[in-house]
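Enquirer: sequence? don't have it. structure:
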């Protein structure tokens, strides 16, 4: 955490929260701590390479596991599909989002568990504990399905896992998670609180505003969702406890129609070329399910249950990651459902491996064209568009930093991350201007600016109403790459 000298709950970008006048992460801290520790060893410049390295290791482990279960041909096809899968390509490239590292940690955990069973070496056991703990530290919310899956796997293989190796894995996980839990307590004031929940330290007015502006940092909040205090009025204590428990288990509620629509958008139609062979395989295997091997049954059932849970858990939320009103690869559903996509790959590879040689060649060539195209070119949030936008943002940042003092504060809509941490930032969501009374107190302590794409007519409207009522005005506009930068001044 970092101290905020102005001591205002308003001052933070979307990726950061405020707790007791200190800036804290607005997310889980596992990736921050892990990559921060690695950066101390390998330098900050190495950070962009961490996720690709772990993803590559996970791909090698994935190939090994599939080859062991289904043979070399299916493993080669599965490895190729992984390499050209648009979601895996995309989130490997965008490595500071935690989802690909989380998925890679799970794959490496399974690999180490297999090695532990086969070779009965302590290093495999310790590594299994480490990677499982890493996955939990990165995405603690996923423990609700990781823990049952782990217990089920341990029960299934209990006769093949020596007690000493199981104990070593548990000790390894505890050793890794202990400092994470300690720093979690130091940062958020609780072992069980995360950056997504620390908004309770804000004032009621700024809390309401912040819930609206969190975007992809606190996704899924429905527009009519009430605070715990409001929502529990009139309920007996026992029912309140039950409701609070359900809010932790299903924080976005349970909305079957939304789940169904998101399933169609992001699992069926968005990557349709991967869905077709899976549907064919499911249809052909359904009648023969009893004849399948125990391992294949376990894979279908465990993966199906986990997939159903992830669909319900995240599919019930309404995520507003960007201003784009369309299905894109950068949407939260895609990264939250990476485990489902990975689970599908061996099944798709198995379906393709049964086809004739020319069918395999055409299918894999199609996968490559569609997969690489989707990751890099086909949607408004593909990697080429992201790269171009970053170059534009860098230009904007350079001009704004040159035009503002180093201790200034910038109020903006959805461009706050461009300027932070070089400048303090307040993110607002129009037409919510509830932050203005608090801003009127700050303006005498530091220079404050308003960065916007609003038209001159809109600015005149704000000056004549919302800003005037707060005793403020927007003045001295400067044109910056299609935006306007205004100085916020007190009315004379």
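Expert: Perfect, thanks for sending it. As the structure is a computational prediction, the values presented were derived from the model and not from experiment. Residues are numbered from 1 along each chain as shown.
Enquirer: quick one: the strands in this protein?
Expert: 2-3, 16-19, 22-25, 409-412, 424-427, 448-452, 472-480, 483-490 (DSSP state E).
Enquirer: phi first, then psi, for residue 13.
Expert: With angles defined as degrees, to the nearest 10, residue 13 shows backbone torsions of phi -80, psi 180.
Enquirer: against residue 417, how distant is it?
Expert: 5 Å (Cβ to Cβ, to the nearest Å). In short, each C-beta sits where N, CA and C put it, glycine included.
Enquirer: and those two? which has more neighbours close in?
Expert: Comparing residue 13 with residue 417 by other Cβ atoms under 10 Å, the one with more neighbours is residue 13, at 24 against 17.
Enquirer: and whichever helix in the chain runs longest, which residues are buried?
Expert: Criterion DSSP state H: the longest helix present in the chain is helix 163-188. For helix 163-188, burial by neighbour count (16 or more other Cβ atoms under 10 Å) applies to 165, 166, 168, 169, 172, 173, 176, 177, 180, 184, 187, 188.
Enquirer: packing partners for it?
Expert: Where contact means 3 or more Cβ pairs under 8 Å, 6 or more residues apart in numbering; DSSP states H and E, helix 163-188 is packed against strand 22-25, helix 30-42, helix 122-138.
Enquirer: and the shortest one, how far from the chain's centre?
Expert: On the basis of Cα atoms, centre = their mean, to the nearest Å, strand 22-25 is displaced by 18 Å from the centre of the chain it belongs to.
Enquirer: packing partners for that strand?
Expert: strand 2-3, strand 16-19, helix 163-188.
Enquirer: nearest to residue 440, out of these?
Expert: strand 16-19 (18.6 Å; Cβ to Cβ).
Enquirer: for the stretch 51-200 of the chain, give me the ranges with low pLDDT.
Expert: For the stretch 51-200 of the chain, residues meeting the criterion pLDDT under 70 lie at 197-200.
Enquirer: ranges for the helices of the stretch 151-300 of the chain?
Expert: Applying DSSP state H, counting those that start in this stretch to the stretch 151-300 of the chain gives helices spanning 163-188, 204-213, 228-231, 237-249, 256-263, 272-286, 294-315.
Enquirer: pull the distance from the last one to the chain's centre.
Expert: Centroid separation for helix 294-315 versus its chain: 20 Å, with Cα atoms, centre = their mean.
Enquirer: residue 79 and residue 64 touch, don't they?
Expert: No: at 9.8 Å, residue 79 does not count as touching residue 64 under the criterion of Cβ atoms under 8 Å.
Enquirer: I'd say residue 285 and residue 293 touch.
Expert: No: between residue 285 and residue 293 there is no contact under Cβ under 8 Å: 11.6 Å.
Enquirer: those two - which one has more neighbours?
Expert: residue 285 (16 against 9).
Enquirer: ok, the more buried one - contacts?
Expert: Applying Cβ atoms under 8 Å, 6 or more residues apart in numbering to residue 285 gives the contacts 292, 300.
Enquirer: look up how far residue 166 lies from it.
Expert: Remark: distance between residue 285 and residue 166 (Cβ to Cβ) = 33 Å.
Enquirer: next: residue 446.
Expert: Using Cβ to Cβ, one gets 56 Å for the distance from residue 446 to residue 166.
Enquirer: before we move on, the earlier item: tabulate the strands of the chain (CSV), appending distance to residue 305 and mean pLDDT.
Expert: Formatted as CSV, these follow (distance: least, Cβ to Cβ, whole Å; pLDDT from 0 to 100):
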stretch, distance to residue 305, mean pLDDT
strand 2-3, 41, 68
strand 16-19, 33, 82
strand 22-25, 31, 84
strand 409-412, 43, 94
strand 424-427, 38, 92
strand 448-452, 47, 95
strand 472-480, 51, 93
strand 483-490, 48, 94
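Enquirer: residue 448 - how many residues pack around it?
Expert: 23.
Enquirer: ok, for it, nearest residue in space, not its chain neighbours?
Expert: Residue nearest to residue 448 in three dimensions, not counting chain neighbours: residue 488, with 4.3 Å by Cβ to Cβ, 6 or more residues apart in numbering.
Enquirer: what's around that neighbour, how many residues?
Expert: Residues contacting residue 488 under the criterion other Cβ under 10 Å number 23.
Enquirer: so it makes contact with residue 473?
Expert: Yes: assessed by Cβ under 8 Å, residue 488 is found in contact with residue 473 at 7.5 Å.
Enquirer: overlap of the contact sets of the two?
Expert: Shared contacts of residue 488 and residue 473, counting by Cβ under 8 Å, 6+ apart, come down to residue 467.
Enquirer: touching, residue 376 and residue 383? I think so.
Expert: Yes: using Cβ under 8 Å, residue 376 is in contact with residue 383, at 4.8 Å.
Enquirer: overlap of the contact sets of the two?
Expert: residue 89.
Enquirer: show me what contacts the nearest residue to residue 274 once chain neighbours are set aside?
Expert: The shortest distance from residue 274 to any non-neighbouring residue, by Cβ to Cβ, 6+ apart, is to residue 348 (5.8 Å). By Cβ under 8 Å, 6+ apart, residue 348 lies in contact with 78, 81, 274, 277, 278, 281.
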